[in-house]
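Participant: The following comprises the amino acid sequence and a computationally predicted model.
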Amino acid sequence: MSMRIPATSITGLALAGGRATRMGGVDKGLQTLHGRPLIAHVLARLAPQTGGLIISANRHLDEYAALGAPWQARVVADAAALPRFSGPLAGLLAGMRCAQTEWLLMAPCDSPCLPVDLARTLAAAICAQRADIATVCTVDAAHHTTLHPVFALLRTALADDLAARLAAGEFKVQTWYARHNTVKVPFPDERAFYNINSLPELTALSSLPSPLTTPEQPSGQPPPDGQALRVDVARDLAIQQARQRAPRIGAEDVPLGDALDRVLAQPVISPLNIPAHDYSAMDGYAFCGELLAAAGSGSPSLRLPIAGQSLAGHPFDADVPRGACVRIMTGAPLPAGCDTVIAQEFVERVAAPSLVIVFPASAVTRGANCRRAGEYLAASQLALPAGRRLRACDVGLAASLGMARVSVKRRLRIALFSTGDELRAPGQALGNAGIPDSNRFMLHAMLHRLNVEVHDLGIVRDDPAALEAALRGAIPHADAVIASGGASAGDTDFICTLLQTLGEVTFRGLAMRPGRPFAFGQISAESPSQNGVPSSQAHAALFFGLPGNPVAALVAFWQIVRPALLALMGAAQKPTPLIAATCDAPLRKRAGRTEFLCGVAARGASGLWHVTPTAQQGSGSFVTVSQANCFIVLAHERGQVSAGDPVDIALFDELF
């Protein structure tokens, strides 16, 4: 399995506040750039890369809390970490103590152009070198290296050490980094880490395009495929917009039996201990472990009379005489005074004259084979976090806590249609030019797995008026609209034009094969105001225009639509597990786009995975997918693949 640090295990930390002496007395994070505070730009960049956000500040905490609300960012005061010190290390320590993840991604609030692949690049360096900290450096044309220490990915477990160093008066970031296994990760574009230190600098940056509407490509990557966008960047942008809209999706209480695949709106706090009492982990005999020490050195035998028995549901409630034991079954409560269980296979039962057990003292250690109350989960501890998409085991856990109902996010309402005069519904005659409408049924099935409400609009003709009517009718009742077909640049492909008319286009075209024709944005039933921004957000919906080719539509849904919808419903992101495999055949590939090839994978006798591409790789039919059991995932930067080269695969069982 490829070593990775998923976004869900990273919390983003925006360092805010400061003395504002060069900013007219106003905190940097509260200064406005392109109509939004600087902190909002930074949070929007961090949100798609992380599983949660924290703002660390030393004043104006309420204002920062309001600005962080769309991203559900928590605000923590620097003083909570170290009173009377407000430097970056104090903010870092406050964030590390507040985070509930293994990793923390730190960035300052005055760098609105930070890379959209910052977490991914730093995490890759940490995994490659097994480091505890990864920080940024840039190298200019003259090979001069500049360190940017406030951009870093760090283990939150380092918090205690940082607290000790701060208490000792060590306040320099780089000095503390040097105490740990730190890797410096080069980024080629220093502009991505540009920080605003004065009002003239802010004015100069304001004259440039908004960094949120024109995000740069990830650092060090080749240019995109024509005007197409990298898949990972497109996914991050779609997730970002979905997360901004997620608070509008309300919550409801549902019976536990209806909670499978729903997203928790509120965390589940355990009302009791699991287990509820001390119990035996196996069939045997319970006794006081002090008797083992009393047996002395060597391997003497213990001889214990049996005072009774404890069964699951029928505990032994009497006092256990000193020096005696109780017959006990797996799951039965431990009698008072007993803290050790000897497994029955190590015991000899002897009737002399009453029934006793005999066993060597060396056969067991004190406390063995016992489970303690609260060992798995203590009362008042977090059992399930908000944002968890409930699996069957999560439903079982909630039931074990005695919960009959849970608070979950409302089911998303998705409008779905296909467009194309050539399409025919199943059962209709195809005629001379008809094509079965397979995409809509595939998409409906994948949406069903997300447990959303689907409003199926059927097939819409390649006619601007018909398409506009369908969209306007769907928007007031939908959180998102998905269209299959019509996103290309042909004479009868009207989706992108309508998207500009009814709302705004975030991006169109992906550097991906299959699936390049793709459009994403948001649309409103109201007429757009100037600059293409919807005048009413009350009835706005996300819009996904998918390719018409079946396999391309499937890949585009998997890569972009599915993670965005999960973000919209408030679910924590879980990247698709990728498995390292050996490719048994050469593959043609050019750098500059991500490719997904159908393959057949199997584990060899050595336990290692091997994959062979299917004979047909066309995107025009689901036949190619049905003959495979995985996608071979070839990264954006990768070129030709020779037989025997390593590749990543995504098994269909994890996807479809």
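Facilitator: Received the coordinates, thanks. Residues are numbered from 1 along each chain as shown.
Participant: Could you say which helix or strand holds the most centrally placed residue in the chain?
Facilitator: With distances taken as Cα atoms, centre = their mean, Gln573 lies nearest the centre of the chain, 2.5 Å away. Following DSSP states H and E, one finds Gln573 outside all helices and strands.
Participant: Check Ala44 too.
Facilitator: Using DSSP H and E, Ala44 falls in helix 38-46.
Participant: Can you spell out which helices and strands pack onto that helix?
Facilitator: Judged by 3 or more Cβ pairs under 8 Å, 6 or more residues apart in numbering; DSSP states H and E, the packing partners of helix 38-46 are strand 10-15, strand 53-57, helix 61-67, strand 103-108. Bear in mind the C-beta positions are built from the backbone N, C-alpha and C, glycine included.
Participant: 6 Å - rerun?
Facilitator: On a contact count with 3 or more Cβ pairs under 6 Å, 6 or more residues apart in numbering; DSSP states H and E, helix 38-46 meets no helix or strand.
Participant: pLDDT on that helix, on average?
Facilitator: On average, the pLDDT along helix 38-46 is 88.
Participant: Show me how the record splits the chain into domains.
Facilitator: Domains of the chain are assigned by automatic domain parsing as 7-219, 251-274+376-409, 279-371, 413-568, 579-654.
Participant: centre of the chain versus the longest one, how much separation?
Facilitator: Relative to its parent chain, domain 7-219 has a centroid offset of 20 Å by Cα atoms, centre = their mean, to the nearest Å.
Participant: for the shortest one, same thing?
Facilitator: For domain 251-274+376-409, the distance between its averaged C-alpha position and the chain's averaged C-alpha position is 19 Å (Cα atoms, centre = their mean).
Participant: before we move on, the earlier item: the inter-axis angle of the helix holding Ala44 versus strand 10-15?
Facilitator: 160 degrees (axes from the mean of the first three to the mean of the last three Cα atoms, to 10 degrees).
Participant: I'd like to know how far Phe359 sits from Ile306.
Facilitator: 13 Å (Cβ to Cβ, to the nearest Å).
Participant: Specify which residue of the two has the higher count of neighbours.
Facilitator: Neighbour count, other Cβ atoms under 10 Å: between Phe359 and Ile306, Phe359 has more, with 21 against 16.
Participant: Where does that one fall, secondary structure wise?
Facilitator: Assessed by DSSP H and E, Phe359 sits inside strand 355-360.
Participant: Would you indicate which residues of that strand are buried?
Facilitator: For strand 355-360, the neighbour count (16 or more other Cβ atoms under 10 Å) marks 356-357, 359-360 as buried.
Participant: and what of stretch 154-161?
Facilitator: 154-156, 158-159.
Participant: Where strands are concerned, which of the residues you listed count?
Facilitator: 154-155 (DSSP state E).
Participant: Which of the buried residues of stretch 154-161 sits closest to Gly396?
Facilitator: Thr156 (29.4 Å; Cβ to Cβ).
Participant: For that closest one, report the pLDDT, please.
Facilitator: pLDDT, Thr156: 94.
Participant: Check the gap between it and Thr101 for me.
Facilitator: Thr156 is 7 Å from Thr101, by Cβ to Cβ.
Participant: circling back: neighbouring strands for the helix or strand that comes right after the strand holding Phe359, and are they parallel or not?
Facilitator: Sequence-wise, the next helix or strand downstream of strand 355-360 (DSSP H and E) is strand 370-371. Partners of strand 370-371 in the sheet, by DSSP bridges, are strand 279-280 (antiparallel).
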